[in-house]
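**Q** With the sequence up front, the predicted model follows.
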Amino acid sequence: MRGENYPLVTIIVPAYNTRKYISACLDSLVGQSYKKIEIIVIDDGSTDGTWDVINRFAGKDKRIKVIRQRHLGPNLARKRGIEKATGLYTMFVDSDDYISHNAVSSLVEQLVKNDVDVIRFGAKKMPSGKLFSPIMHSYNNKVLLKVDILKLLLTSGILNNLCFQIYRTKFLKNIKAFDSNMKFGEDLLVNIEIHRRTKTLLLYDKTLYYYNSNPDSISRNIKYDVSIDNFKERIFLTDKIIKISKKYDKDIQNAAIYYQTKIIKYRIAILAMASKRDDKKFFDAIEELLPIGWSGEIDYDGLAHFMKTLDVLERIKNQKIVLAILSSNYKYIWKYVRIYNFLYGSRVS
């Protein structure tokens, strides 16, 4: 890409104990065909030699700026990077991932052409090479406006990940959600705050990001205690989304309720796997954590019915029923489903 007027792009890389991967990550950044970039790498208290690798790259390329801090988590590391960012646009790359050679060039071309605030692009999971986060066919190369951006964010998960988007930098400044030290779901909380500010978003049908299946990542850990913490943070997150949605129209509110229902179902399944279905503390956790007034003894049959009910709820259009169920005792779930069956002719097998 030619032209002195093309913008500076900031790439922020939070790094924590990824010595095995970070060389490939930084190689992909310094080797970009688009040269007008600054790379801000924040070492988040690594203890495995990651810092030495970062410094070696910084010594060879003046575009790399390095920051070292005690271990505070990826959100606060990204916040440090944003404070130092001087580019007109900013993107995030995790230190165990990498991007294609022409990623920045392709994105800048689309930013200049379409004059949008954000671009969401596709990603592949490595080493399998399978599409990890594609753009849905119906949205290919489509520009969304403000309300439609929030709806898509809350219903599809397609806008959750910070790393699969490039943002106009001014929209990243002073984002309160970056202060969170949440270990799970922090990207969604940040993106909700960002996309409440942005006006336009392009869904770009190109795969530019390569996501490594790092077995050490905390998000892929299904140990019981980790899953409990995950569940707590997801429930906190969804409750916050519900509160935020009340400032918007019914479509946004219903989208938020839909999202909460899906998250509860998914997290129950993760807890079930982690508990290996033979641990009493699984039941104790369900009673303690679910934002549904469950009381008395809970058996697996009851849980199975609940899961099956949620399958139905994900398909229904009357979200008031979902809201009622989320605030009710589980013994009355089938009452609401029967009401739905009577009104809409659905059947639950």
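**A** On my side now, so go ahead.
**Q** who are the neighbours of the helix or strand hosting residue 193, in terms of helices and strands?
**A** Counting by DSSP states H and E, the secondary-structure element that holds residue 193 is helix 186-195. Other helices and strands packing on helix 186-195, by 3 or more CB pairs under 8 Å, 6 or more residues apart in numbering; DSSP states H and E, are helix 74-84, helix 146-156, helix 224-245. Glycine gets a C-beta too; all of them are placed from N, C-alpha and C.
**Q** Tell me the confidence at residue 311?
**A** Among the per-residue scores, residue 311 holds a pLDDT of 52.
**Q** how close does residue 128 get to residue 197?
**A** 35 Å (CB to CB, to the nearest Å).
**Q** Revised request: answer the last question for residue 149.
**A** Using CB to CB, residue 149 is found at 10 Å from residue 197.
**Q** Those two: which has the busier surroundings?
**A** Neighbours were counted for residue 149 and for residue 197 using other CB atoms under 10 Å; residue 149 has more, 24 against 17.
**Q** domain ranges for this structure?
**A** Partitioning the chain according to automatic domain parsing yields domains covering residues 9-218, 221-344.
**Q** in stretch 238-252, what counts as buried?
**A** In terms of neighbour count (16 or more other CB atoms under 10 Å), stretch 238-252 has its buried residues at 238, 240-242, 244-245, 248, 251-252.
**Q** With stretch 62-75 instead?
**A** 63-67, 72-75.
**Q** What is the nearest of those residues to residue 115?
**A** For residue 115, the closest of those turns out to be residue 63, at 25.8 Å, with distances computed as CB to CB.
**Q** for the closest one, phi and psi?
**A** When quoted as degrees, to the nearest 10, the phi and psi of residue 63 stand at phi -80, psi -10.
**Q** hey, where'd the strands end up in the stretch 151-300 of the chain?
**A** Using DSSP state E, counting those that start in this stretch, the strands assigned to the stretch 151-300 of the chain run over residues 165-168, 200-212.
**Q** Residue 180: which of the helices and strands packed on helix 186-195 is closest?
**A** The minimum distance between residue 180 and the helices and strands packed on helix 186-195 falls on helix 74-84, with 5.5 Å, by CB to CB.
**Q** Just list what the closest one packs against, helices and strands only.
**A** Counting contacts by 3+ CB pairs under 8 Å, 6+ apart, the secondary-structure elements packed against helix 74-84 are strand 9-15, strand 37-44, strand 64-69, helix 186-195.
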